[in-house]
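> Need coordinates for the below:
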Amino acid sequence: KEELVNILENASKQHNLWMDILEEAVRNSKIIPLQVDADKCGFGHFYNSLIIQDDEIKKLWESIDRYHNELHDAGEQALLAIRDGDMEKANNYYQIAKQSSQMVYKIIDEIINVLNNRNA
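Numbering: from 1, shown residues only. Here you go, the predicted structure:
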């Protein structure tokens, strides 16, 4: 359980770095190399490789998929808008990515809480 909590915390940090890069790109109106394939980012590799047997945690874990894909799609659209010089559109897509990102964090935190409460 402790190992899974550490893995989730590290995955959360990797995800945070991705969001920081996207925010910097939008703030500076500059295209920055960013992995927009949800399966190939640092978190995506981890997300797709982890097999969870516990039904409660598995349900929560699988619910991340939608939000994770949405944030990568929005990130890609933001970068395309930057390329096209449409900063209003880029910012709108960044906001979508940010909302999806917050849901990913919320679910990861919920999983960590479930695990920590079982240890109590």
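
> Where does the prediction get shaky in this structure?
Applying pLDDT under 70 to the chain picks out residues 119-120.

> Which parts of it are helices?
2-28, 42-49, 55-83, 87-119 (DSSP state H).

> which secondary structure elements does the longest one contact?
This means helix 87-119. Judged by 3 or more CB pairs under 8 Å, 6 or more residues apart in numbering; DSSP states H and E, the packing partners of helix 87-119 are helix 2-28, helix 55-83. In this view, the C-beta of every residue, glycine as well, is placed from N, C-alpha and C.

> which of those is buried the deepest?
helix 55-83 (a mean of 18; mean count of other CB atoms under 10 Å).

> quick one on the thing from earlier: export the helices of the chain to TSV and tack on distance to residue 34?
Listed next are the helices of the chain as TSV, based on distance: least, CB to CB, whole Å:
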stretch	distance to residue 34
helix 2-28	5
helix 42-49	12
helix 55-83	6
helix 87-119	11
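
> out of these, nearest to residue 36?
Taking CB to CB as the criterion, helix 55-83 is the member of the helices of the chain that comes nearest to residue 36, at 3.8 Å.

> Could you check how far residue 93 is from residue 83?
According to CB to CB, to the nearest Å, residue 93 stands 12 Å off from residue 83.

> Could you do residue 40 as well?
As defined by CB to CB, residue 40 lies at a distance of 20 Å from residue 83.

> Which residue is the nearest non-sequential neighbour of residue 97?
Spatial nearest neighbour of residue 97, excluding adjacent residues (CB to CB, 6 or more residues apart in numbering): residue 74 at 3.9 Å.

> doesn't residue 100 make contact with the one you found?
Yes. Applying CB atoms under 8 Å as the test, residue 74 and residue 100 come out as touching, 6.6 Å apart.
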